[in-house]
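K.L.:
got a predicted structure plus its sequence, pasted below:
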Amino acid sequence: MTLKQLEYFLAIAETESITQAAEMLHVSQPPLSLQLKALEDEFGVPLFERTKRGLIITQSGRLLAQRAQDIFDLIDQTVNEVRSKTASPKIKLRVGTVNSVSNRLIPPWIYTYNCTYPNVDIQVSEASTTDILFSLDEHKIDLGIVREPFNKSRYNCRLIRDEALTGHDYDCFVALACPSFYAGLEGNTIPLTELRDFPLLLHRRYISMFTKYCKTCGFIPNITCKNNDVMSLLSWAKAGIGIAVLPYSSSLLNMDPNLVRKEIVEPLIPSRIYVVWNRDVKLSAEAERFLDLISVKSGGGTD
């Protein structure tokens, strides 16, 4: 296994196409096919499934892609440290975050932190709450910024209060849809029972929790579309497929002024954001400073 083989493999994994990978790398297709076959022969397992629609990476392939990316990241870090003659190697702080925080809250935090502590390299990875908690359990990140629901008893937690939220100390769920869905419904709020007969669009990780709230109101929700991406929910809502149900802070990613947002009430469904870390790990001074910065910026506290 060589670095060139891993470079070729990562390009194929990213595009799931030898043709597109060849174009990206500015090489012909035969060398890529040969190097991919050599890797699969060396490991003794298929790294991709060959289908009529193209290549689909296997579980073994995903593992190799993750390890290969780690290798190249370490190489880049080593090169930068060796080249640096005046500055000491940067201290790494690894943070995993959900999409809604990554888009709005994280950038000013990092800017402020870097101005004060320029010798700290904050590496941010964006993922779902489930994946972030898994990375935390595997000690692949130092801090995770996640959204309820999750098992708080397993982690040290600190509540993050979002300045974009008005009228509440916590995030809450909203309904976002084209105006035609709200005919006859005035105001900025909507009782949960009013969603009974509408087609709903939900992120998969909220389905169980949202369904429980609906059942307490005497109905089972008509969930037409389920996915794992907020932007897709917003696109479906814009297309008039149904009403997107999502946290208020996630709804701020919407750029379409025609979509109408109503806060779900009776009952109000909370969706708080936390920064979490492992109970069995003593945080570095750099991580503690980042936590202090978040507390000052967001007004957060322990929970």
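P.N.:
Ah, there it is. Residues are numbered from 1 along each chain as shown.

K.L.:
and Leu74, what element?
P.N.:
Per DSSP states H and E, Leu74 falls inside helix 59-83.

K.L.:
buried set for that helix?
P.N.:
Across helix 59-83, burial judged by 16 or more other CB atoms under 10 Å covers 61, 64-65, 68. In this view, the C-beta of every residue, glycine as well, is placed from N, C-alpha and C.

K.L.:
quick one: which of these is nearest to Ile264?
P.N.:
Nearest to Ile264, judged by CB to CB, of the buried residues of helix 59-83 is Ala65 at 39.0 Å.

K.L.:
pull the contacting residues for that closest one.
P.N.:
By CB atoms under 8 Å, 6 or more residues apart in numbering, the residues touching Ala65 are 9-10, 13, 57.

K.L.:
mind doing that once more with 6 Å?
P.N.:
Residues in contact with Ala65 (CB atoms under 6 Å, 6 or more residues apart in numbering) are Ala13.

K.L.:
per-residue confidence at it?
P.N.:
Note for Ala65: predicted pLDDT of 88.

K.L.:
and for Lys262?
P.N.:
pLDDT, Lys262: 94.

K.L.:
next, it: phi, psi?
P.N.:
Main-chain torsions, Lys262, degrees, to the nearest 10: phi -130, psi 130.

K.L.:
and it, how close does it get to Ala68?
P.N.:
Distance of Lys262 to Ala68, computed by CB to CB, to the nearest Å: 46 Å.

K.L.:
strands along the stretch 1-150 of the chain, start to end?
P.N.:
Along the stretch 1-150 of the chain, the stretches classed as strands by DSSP state E, counting those that start in this stretch are 48-51, 54-57, 91-97, 120-126, 143-147.

K.L.:
same deal with the stretch 151-300 of the chain?
P.N.:
155-160, 173-177, 189-191, 200-203, 223-227, 243-247, 260-265, 273-278.

K.L.:
state the mean pLDDT of the fifth one.
P.N.:
On average, the pLDDT along strand 223-227 is 92.

K.L.:
next, the buried residues of it.
P.N.:
Neighbour counts using 16+ other CB under 10 Å place Ile223 of strand 223-227 among the buried residues.

K.L.:
what pairs with it, and is each one parallel or antiparallel?
P.N.:
Paired with strand 223-227 in the same sheet, following DSSP bridges, are strand 200-203 (parallel).

K.L.:
give me the domain ranges for the protein.
P.N.:
Structurally, the chain divides into domains by automatic domain parsing as follows: 3-75, 90-166+272-302, 173-265.

K.L.:
so can I have TSV of the ones you listed showing distance to Val82?
P.N.:
Converted to TSV, the domains of the chain look like this (distance: least, CB to CB, whole Å):
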stretch	distance to Val82
domain 3-75	11
domain 90-166+272-302	13
domain 173-265	39
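
K.L.:
so which of the strands of the stretch 1-150 of the chain is the most packed in?
P.N.:
Burial of the strands of the stretch 1-150 of the chain is given as mean neighbour count (mean count of other CB atoms under 10 Å); strand 143-147 ranks first at a mean of 26.

K.L.:
got a list of contacts for it?
P.N.:
Contacts for strand 143-147 (CB under 6 Å, 6+ apart): 95-98, 101, 129, 132, 136, 273-277, 287.

K.L.:
and the residues you listed, which is closest to Val174?
P.N.:
Nearest to Val174, judged by CB to CB, of the contacts of strand 143-147 is Ile273 at 15.0 Å.

K.L.:
any idea how far the residue nearest to the closest one when sequence neighbours are not counted is from Thr116?
P.N.:
Computed as CB to CB, 6 or more residues apart in numbering, the closest residue to Ile273 that is not its neighbour in sequence is Ile160, at 4.6 Å. As judged by CB to CB, Ile160 and Thr116 stand 19 Å apart.
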